[in-house]
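Undergrad: can you look at this prediction? I've put the sequence above it.
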Number of protein chains: 2
Amino acid sequence: MNAPLLSSSAPIQPKYVQMATRMAALIESGAFLPGQRLPSVRDTAAQEGVSISTAMQAFRWLEDKGLAHAKPKAGYFVRKQRQRIALPLVGQPPPHSVPLAPRSRSDVLDREGRNLMAVNLTGYRPRDSQLFDEDRLRVAVARAARLHRRTLVDYSNETGTQALQNAVAQRALHLGCSLRGEDVVITASCMQAISLCLMAVTRPGDVVALESPTFLGYLDLLESLNLRVVEIPSHPRTGLSLPALQLALDTQPIKAVLAVPTLSNPLGAIMPLTEKRALVRLLAQHGLPLIEDVVFNDLLASDERRRAVKAFDQDGTVMVCGSFSKTISPGVRLGWVEAGRWKEQVTTLKRVQGAATNEVMEHALADLLTQSAYESQMRRLSATMKARLQEARRWVSAHFPKGTRVSDPPAGYTLWVELPVAVDSMRLFEVAGGEGISFIPGSLFSATGRYAHCLRLSFSGAWGEAEKKALSRLGQMAQALLEGR
Amino acid sequence: MNAPLLSSSAPIQPKYVQMATRMAALIESGAFLPGQRLPSVRDTAAQEGVSISTAMQAFRWLEDKGLAHAKPKAGYFVRKQRQRIALPLVGQPPPHSVPLAPRSRSDVLDREGRNLMAVNLTGYRPRDSQLFDEDRLRVAVARAARLHRRTLVDYSNETGTQALQNAVAQRALHLGCSLRGEDVVITASCMQAISLCLMAVTRPGDVVALESPTFLGYLDLLESLNLRVVEIPSHPRTGLSLPALQLALDTQPIKAVLAVPTLSNPLGAIMPLTEKRALVRLLAQHGLPLIEDVVFNDLLASDERRRAVKAFDQDGTVMVCGSFSKTISPGVRLGWVEAGRWKEQVTTLKRVQGAATNEVMEHALADLLTQSAYESQMRRLSATMKARLQEARRWVSAHFPKGTRVSDPPAGYTLWVELPVAVDSMRLFEVAGGEGISFIPGSLFSATGRYAHCLRLSFSGAWGEAEKKALSRLGQMAQALLEGR
């Protein structure tokens, strides 16, 4: 999976990547064995003639690639060969576009999944309060209310508070994007940003291309805008298939592509950089916008992996949308968009549809984003979730029926589980609901009835004995369904 | 204007209204002369055998009707005959529907009117900080952040925070509406509430009926949703013409009516209660929704005058939308809707389009709304604006060309000025801009190019010598345009 990152068309790599690449080659050649301790950061720095922090970056790169792992106070070790759990197959959606049937997907969740479940693996409330820092938020809000009280008695800026626009642009540098603060439009959420983008570039009846499987919220949104969908096959590691997209663009009247190229939802795939670059080129040729959702990018520590498609955009083809609901906290309720060539349309839509945002909250968020703690917080959050996902993956593998496949995302909050095809996950949802366990059935991630044997498990809520037990129970229930019991 | 309020079909009037009605008859009969002191509140209470507070209510009713006015420490006096300033004629828009031309209206404002003008009478920023209480707001926000910090790290409720839903329902009692808190959906603004309502009940190409002149923001919104418009004539005092609406309903494929029945924008008209009741009946017969905007109702102290059309709704025909931007503060950035029969559609649209609202701000607003100070604050705000509007009206009348007509709203922030037809207010806008004076040209309040000789003046900003001087200058410029200079 590393090859595309090092392709010859990429710019010259920073020093630490060059170092890390050499170390990776040594590990892959067997020069360092699984479980073996790697040279210390200090020794490596001295030997390579670089600073400690550069050497640290190299080790973190190895960690991100799954080649090494840190043990507190003991240094870095070569990661042992992972237990082989097969990746999902995903498969081939139909090549034509389809309309979205009214209320076809999320009712079931609204009514049952979100509420009152003892073990809620839907990704909706409640969230794990360990992951986000309530106090830091509260202080930022109180401070913003004090410092910016004038904004409480005035209409807000159309595009957002300058401080937040600039903070967003600054953060986007970490995704390889050079945005101007003044081009950033602040919204109530990433979904609202995407909604405004879709309204700016489509009319009812138009066709939008999506990854398959795709985030169920996209399907609900597209349905509300009376749009049609064409689903593009996606790989569990490398995401959207460009050849398939090319074919769809040649045969369907597609008006926009909506995708999560980095840590896709639900698969957790990351498009290789070469493909991210090729995607922009392809769409620019067709004069079509990419609506890129970058809500998860900050969860990746490596600059290469988290780089956005927008980083390769030269003529405003990419409308990049984000929020900080997955990083700072879901309760902030602010998102943003840099809409490239469609900036004016998006700004107008935000204004005329009354999608106002609160300036005090914007100032609070700007404050949090520019605190030096943000980067280390991300690292901590990311490490917590990574460990949790790996543990959950092992539990699923150990307790679910033979033949079950599980995604292997390098970060994020969710796993995509492919059960043997005979298991209907909607039926499993009903049975599990009876025991107070909820998750999202796979069929909600497709407009064409695919993935009926799949499910998405989210671990953004609590993670403890109850959840592990719930996973074993889910496995037993799936086994029972498989055996027709 | 009082007759409809006392029509026989109305419910039995409260004691104070009965008292006030008798006193009004005495005033109108000439038994009390203009400028004469009325009996004291104490004496009146004793004579009528009612409490002091009931007598006070009666006097306030007279004040609201423009029949009496209070002098501090001296009591109530019969108001002197107002200077006769003619009301606008308004006139007859075409009976057929029209599409909205792209970007036809508000560009000019965006670019010029809102910004950097020495005297800004557009109604956009900056606002008069005297009108709203910064400190009370700041304290409420800081308290909400402290008490409800948990909400900062969680996704918000779909429909809104229960505390705010209930506070809104409680306030709606003052508009004569019995709403259930659980049926109230919290939004980012009244315009967003209206936007969601329109999306719930129309499809692109559908026809919506509006008052004429109408709020320019509605036209921008309808344009963004690709809706067609039919404009219904409105009277400067009694608002929407029901016979004209009836005719439109019989001849046009109207899908919804969008109106401000109480303190319409820009005219400041109030539909009489009998007509409010008849409006619901008419629309219920046609099975069509009324989208009712009640943002201004709280600015009226009289329970009769501020009663919403929704108060007469028996089967969920009325989708009532409000916010507290005109009462508590524009910076709160929260609105609400009770969408009657379309509640589920509106809730779904809010969710899927990512129109999330911030729970901390919701708690702060709930706090402010349930403080006992709210009612007295409204009274103060309302009295300030009423005096200001009356003074502004006199200035316009004194300084604008002969034949100028001015609306006479009983509350609110704006005046609608009808210049002699030969004056092009867009031209006046340009000339005035050169001297740092901005307002909104009348043609922006119509989809059919009407009102080119009108303008809307807003007094929600500062009000002092600079503004008065600006009004005289505007009058001189209009006179010059009239004379072809």
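TA: Now that the structure is in, tell me what you want to look at. Predicted model only: the values in this text are computed from it and were never measured.
Undergrad: helices of the stretch 1-150 of chain A, residue ranges please.
TA: For the stretch 1-150 of chain A, the helices defined by DSSP state H, counting those that start in this stretch cover A:15-29, A:41-48, A:52-64, A:107-108, A:134-147.
Undergrad: ditto for the stretch 201-350 of chain A
TA: With helices called from DSSP H, counting those that start in this stretch, the stretch 201-350 of chain A shows them at A:216-224, A:242-251, A:273-286, A:343-352.
Undergrad: secondary structure element holding the closest residue to chain B within the stretch 251-400 of chain A?
TA: Among the residues of the stretch 251-400 of chain A, residue A:354 lies nearest to chain B; the distance is 2.6 Å by C-beta to the nearest C-beta. The way it works is simple: take the backbone N, C-alpha and C, and place the C-beta from them, glycine included. Following DSSP states H and E, one finds residue A:354 outside all helices and strands.
Undergrad: ok, the closest residue to residue A:77 other than its chain neighbours - how many residues close by?
TA: Spatial nearest neighbour of residue A:77, chain neighbours left out: residue A:37 (5.5 Å); criterion: C-beta to C-beta, 6 or more residues apart in numbering or on different chains. Number of residues near residue A:37 (other C-beta atoms under 10 Å in any protein chain shown) recorded here: 12.
Undergrad: what's the answer for residue A:18, then?
TA: The burial count for residue A:18: 14, using other C-beta under 10 Å.
Undergrad: what of residue A:165?
TA: 24.
Undergrad: so who does it touch?
TA: Residue A:165 is in contact with A:159, A:181, A:182, A:184, A:186, A:336, counting by C-beta atoms under 8 Å, 6 or more residues apart in numbering or on different chains.
Undergrad: so the first one is in contact with residue A:180, correct?
TA: No - the pair residue A:159 and residue A:180 fails to qualify as a contact (C-beta atoms under 8 Å) at a distance of 11.4 Å.
Undergrad: looking at those two, which one has more neighbours?
TA: Set residue A:159 next to residue A:180 and count neighbours by other C-beta under 10 Å: residue A:159 wins out with 23 against 10.
Undergrad: dump the residue contacts of the more buried one.
TA: By C-beta under 8 Å, 6+ apart, the contact set of residue A:159 is A:165, A:182, A:184, A:185, A:186, A:347, A:350.
Undergrad: can you give me phi and psi for it?
TA: When read as degrees, to the nearest 10, the backbone of residue A:159 gives phi -90, psi -20.
Undergrad: if I look at it, how far off is residue A:392?
TA: 40 Å (C-beta to C-beta, to the nearest Å).
Undergrad: quick one: residues contacting residue A:142.
TA: B:141, B:142, B:145, B:146.
Undergrad: filter the residues you listed down to the buried ones.
TA: Neighbour counting by 16 or more other C-beta atoms under 10 Å in any protein chain shown classes B:141, B:142, B:145 among those as buried.
Undergrad: can you tell me how far residue A:67 is from residue A:61?
TA: Distance from residue A:67 to residue A:61, by C-beta to C-beta: 9 Å.
Undergrad: now do residue A:195
TA: In terms of C-beta to C-beta, residue A:195 sits 36 Å off from residue A:61.
Undergrad: again with residue A:430
TA: When residue A:430 is compared with residue A:61 (using C-beta to C-beta), they lie 45 Å apart.
Undergrad: between the two, which is the more surrounded one?
TA: Taking other C-beta under 10 Å, residue A:430 and residue A:61 do not tie; residue A:61 has more neighbours (25 against 13).
Undergrad: ok, and does stretch A:286-301 reach over to chain B?
TA: No - residues of stretch A:286-301 are not located near chain B by C-beta under 8 Å from any C-beta of the partner chain, the shortest gap being 11.3 Å.
Undergrad: mean confidence for that stretch?
TA: Confidence for stretch A:286-301, expressed as mean pLDDT, is 95.
Undergrad: in a strand, residue A:417, correct?
TA: Yes - assessed with DSSP: H, G, I helix; E, B strand; the rest coil, residue A:417 lies in a strand.
Undergrad: list the contacts for it?
TA: A:88, A:396, A:400, A:404, A:405, A:406, A:407, A:454, A:455, A:456, A:457.
Undergrad: which of the residues you listed lies closest to chain B?
TA: For those, the nearest to chain B is residue A:456 (16.5 Å; C-beta to the nearest C-beta).
Undergrad: and for the closest one, the neighbour number?
TA: For residue A:456, using other C-beta under 10 Å, the count is 27.
Undergrad: mind listing what residue A:40 touches?
TA: By C-beta under 8 Å, 6+ apart, residue A:40 lies in contact with residue A:75.
Undergrad: er, residue A:437 actually
TA: Residue A:437 sits in contact with A:117, A:118, A:119, A:121, A:470, A:473, A:474, where contact means C-beta under 8 Å, 6+ apart.
Undergrad: tell me what it is bridged to.
TA: Residue A:437 has the following beta-bridge partners by DSSP bridges: residue A:119.
Undergrad: ok, it to residue A:485 distance?
TA: According to C-beta to C-beta, residue A:437 and residue A:485 sit 18 Å apart.
Undergrad: ok, residue A:297 next?
TA: 44 Å.
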